[in-house]
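Pasting the sequence and the predicted coordinates here, then a few questions.
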There are 2 protein chains.
Amino acid sequence: MDITRRDIHSLDIPVLCKSCDVRHKGMCGALAPEELLQLSRQTRQIEQPAGTELVGESTDVDAYDNVMSGVVKLSKTLEDGRQQIIGLQFAPDLVGRLYASESPMTAEAASDITICRVPKATLERLVERNPVLRKRLMDQALRELDEARDWMVTLGRKTAAEKVASLLLLIATHLDPDARGETRVFDLPMSRLDIADYLGLTIETVSRQFSRLKSDGIITITANRHIEIVNLARLKKRCG
Amino acid sequence: MDITRRDIHSLDIPVLCKSCDVRHKGMCGALAPEELLQLSRQTRQIEQPAGTELVGESTDVDAYDNVMSGVVKLSKTLEDGRQQIIGLQFAPDLVGRLYASESPMTAEAASDITICRVPKATLERLVERNPVLRKRLMDQALRELDEARDWMVTLGRKTAAEKVASLLLLIATHLDPDARGETRVFDLPMSRLDIADYLGLTIETVSRQFSRLKSDGIITITANRHIEIVNLARLKKRCG
DNA sequence: GGGCCGCCTTGATCAAGGTCAAGCCGGATG
DNA sequence: CATCCGGCTTGACCTTGATCAAGGCGGCCC
């Protein structure tokens, strides 16, 4: 469904389109990046290096960030510094939420990212007027809930080996979604520390598990970040 | 706001009411039990003993269950039998969801419960027509997402002692919400196995942590289930 | 009462994963 | 080139929590 100039100005556009139905997932990943850019003259595209903290998750948000490339990590920290990553947002997910969370959370670029920043008021007005978008946002919230609950099983009941295998599979699914056959190739979008914080492990344990997968011939690693899954079936068997 | 007979029949009633705003939380806990009962002649109130599995979470749901007393546990199980409880629903939460989850989940009575069962079609029609209810459902979904993410920190980064303390605090909050001062009294609505499965531990570890809290003078336990938190401040300090 | 069963506790031992420490590697910098 | 630094790996050792095993306690049934 095409977006007309009039639609854009009224901020009441229909946002269903083929590409959305296929690709979009995540909390609020309901708009294609291109749509978002067209949506409002207040919308800006921004590049951020890895490590940058994003606004948009705290109570006084004034913008939502649509991830256009790279990966954003959401995390929570205990008082003594222990950290847990509670979600990864891949393109084209939208970071930030309608009706902000009351419990503190940080959003940070895990890799270098490009984001598309939309003023809070703009998006919320759009949501209020557009039932299709609203329905899609509800679906996305429920899907994020599902993902969080699935990951709770990983955190609570899987071994270190199973956790690492599960993460590789998750990333492969997002970064190499159309691949067929028994191999997958991608660059890890995050450091060992991030991986450990996502899995509830230490960097040493993560590193040892990578080495084991390597010596078992299931993956190859080059330049610390470039992963090739050589035998997908065997990796899946290790996910518990 | 009162519910009139005409409203009930049109299934387009406003559902905001003082008691709701104050007490309701959880995925879809947007209706007061009394409202729900009045809502439709198809709504039935049912009693279930602990251990009963509820329908309502699988793909072919045909009903939603509003918890009126007791606690319902939501869980996921790995192929080899390892189980993780991924959420607890206290009265007056609503179990089941609009647009069912695709990843398998089980809902089971943790304690003896009373539920109020609403036909799926009835509730969904109501949601479609009632913007206030819809907004509240969205809020509840986001709140459940928050709760899941908070629990991910507990599962991934807390020690056994901190996990048990966190759970006691969580249950106290729900079952003895209006209490003041340094003590809380309640009956555990779940077995040691359920507790272990919620915390990602074994029953032995849970039991040992209870014994330790007891011998440290932070709680007292009688009849295995009756808990008195003697020193709330010290319990909170142990939550990490 | 006696025996059984489910649920919980306690103790002894074990192993998965954490901690501490050393060293590697590649890129940046002088 | 040498050096430094951050991120990663590897090894040695230790701690936490799992596992295995025994026993307690209360309810229930004969």
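Cool, got the structure. Every value quoted in this text rests on a predicted model; they were computed, and no experiment measured them.

from memory residue A:109 sits against residue A:48, does it?
Yes: using C-beta atoms under 8 Å, residue A:109 is in contact with residue A:48, at 4.9 Å. All C-beta spots, glycine's among them, are computed from the backbone N, C-alpha and C.

neighbour-wise, which of the two wins?
Neighbours per residue, other C-beta atoms under 10 Å in any protein chain shown: of residue A:109 and residue A:48, the larger number sits with residue A:109, 24 against 18.

Overlap of the contact sets of residue A:109 and residue A:48?
Counting by C-beta atoms under 8 Å, 6 or more residues apart in numbering or on different chains, the contacts common to residue A:109 and residue A:48 are residue A:54.

could you check the distance from the residue nearest the centre of chain A over to chain B?
The centroid of chain A falls nearest to residue A:89 when counting by C-alpha atoms, centre = their mean (1.3 Å). Per C-beta to the nearest C-beta, to the nearest Å, residue A:89 is found 13 Å from chain B.

hey, what's that residue bridged with?
residue A:72 (DSSP bridges).

Could you report the pLDDT at it?
Note on residue A:89: pLDDT of 90.

Ok, residue A:65 next?
82.

Tell me the helices and strands packed up against whichever helix or strand it is part of.
Using DSSP states H and E, residue A:65 falls within strand A:63-69. Other elements packing on strand A:63-69 under the criterion 3 or more C-beta pairs under 8 Å, 6 or more residues apart in numbering or on different chains; DSSP states H and E are helix A:33-39, strand A:94-95, strand A:113-119, helix A:120-129.

Say whether chain B is contacted by the longest one.
Read that as helix A:120-129. No: using C-beta under 8 Å from any C-beta of the partner chain, helix A:120-129 stays clear of chain B, coming no nearer than 9.5 Å.

Show the average pLDDT along that helix.
Mean predicted lDDT for helix A:120-129 stands at 79.

Can you give the domain ranges for chain A?
A:5-155, A:158-237 (automatic domain parsing).

and the gap between residue A:79 and residue A:116?
34 Å (C-beta to C-beta, to the nearest Å).

er, residue A:222 actually
32 Å.

try residue A:188
24 Å.

Spell out which parts of chain A neighbour chain B.
Near chain B, when you scan chain A using C-beta under 8 Å from any C-beta, you find A:27, A:74, A:76, A:78-80, A:82-84, A:86-87, A:97-99, A:101-103, A:105, A:134, A:137-139, A:141-142, A:144-146, A:148-153, A:155-158, A:199-200, A:240.

Which elements pack onto whichever strand or helix holds residue A:144?
Secondary structure assignment for residue A:144, by DSSP H and E: helix A:131-157. For helix A:131-157, the packing partners by 3+ C-beta pairs under 8 Å, 6+ apart come out as strand A:83-90, helix A:120-129, helix A:160-175, strand B:71-77, strand B:83-90, helix B:131-157.

Residue A:193 is nearest to which of the ones you listed?
Ranking the helices and strands packed on helix A:131-157 by distance to residue A:193, with C-beta to C-beta as the measure, places strand A:83-90 first at 8.8 Å.

what angle sits between the closest one and helix B:131-157?
130 degrees (axes from the mean of the first three to the mean of the last three C-alpha atoms, to 10 degrees).

Against which helices or strands is strand A:83-90 packed?
strand A:71-77, helix A:131-157, helix A:160-175, helix A:192-199, helix B:131-157.

Could you tell me which residues within it count as buried?
A:83-90 (16 or more other C-beta atoms under 10 Å in any protein chain shown).

pLDDT (mean, whole number) over stretch A:160-174?
96.

Wondering if that stretch reaches DNA strand D at all.
No: Stretch A:160-174 is not in contact with DNA strand D by C-beta under 7 Å from any atom of the strand; minimum separation 10.6 Å.

does DNA strand C sit close to that stretch?
Yes: using C-beta under 7 Å from any atom of the strand, stretch A:160-174 reaches DNA strand C at A:160-161.

Name the residues that touch that stretch?
A:88, A:90, A:154-155, A:158, A:179, A:184, A:186, A:188-189, A:195, A:198-201, A:205-206, A:209-210, A:212-213, A:219, A:227, A:229, A:232, A:235-236, A:238-240.

Okay, and which of the residues you listed map to strands?
Within those, residues falling in strands by DSSP state E are A:88, A:90, A:184, A:186, A:219, A:227, A:229.

Same list (these) but as a markdown table, adding distance to DNA strand C.
A markdown table is the format used below for these (distance: C-beta to the nearest atom of the strand, whole Å):
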| residue | distance to DNA strand C |
| --- | --- |
| A:88 | 19 |
| A:90 | 25 |
| A:184 | 23 |
| A:186 | 19 |
| A:219 | 18 |
| A:227 | 16 |
| A:229 | 21 |
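
Alright, that wraps it up for me.
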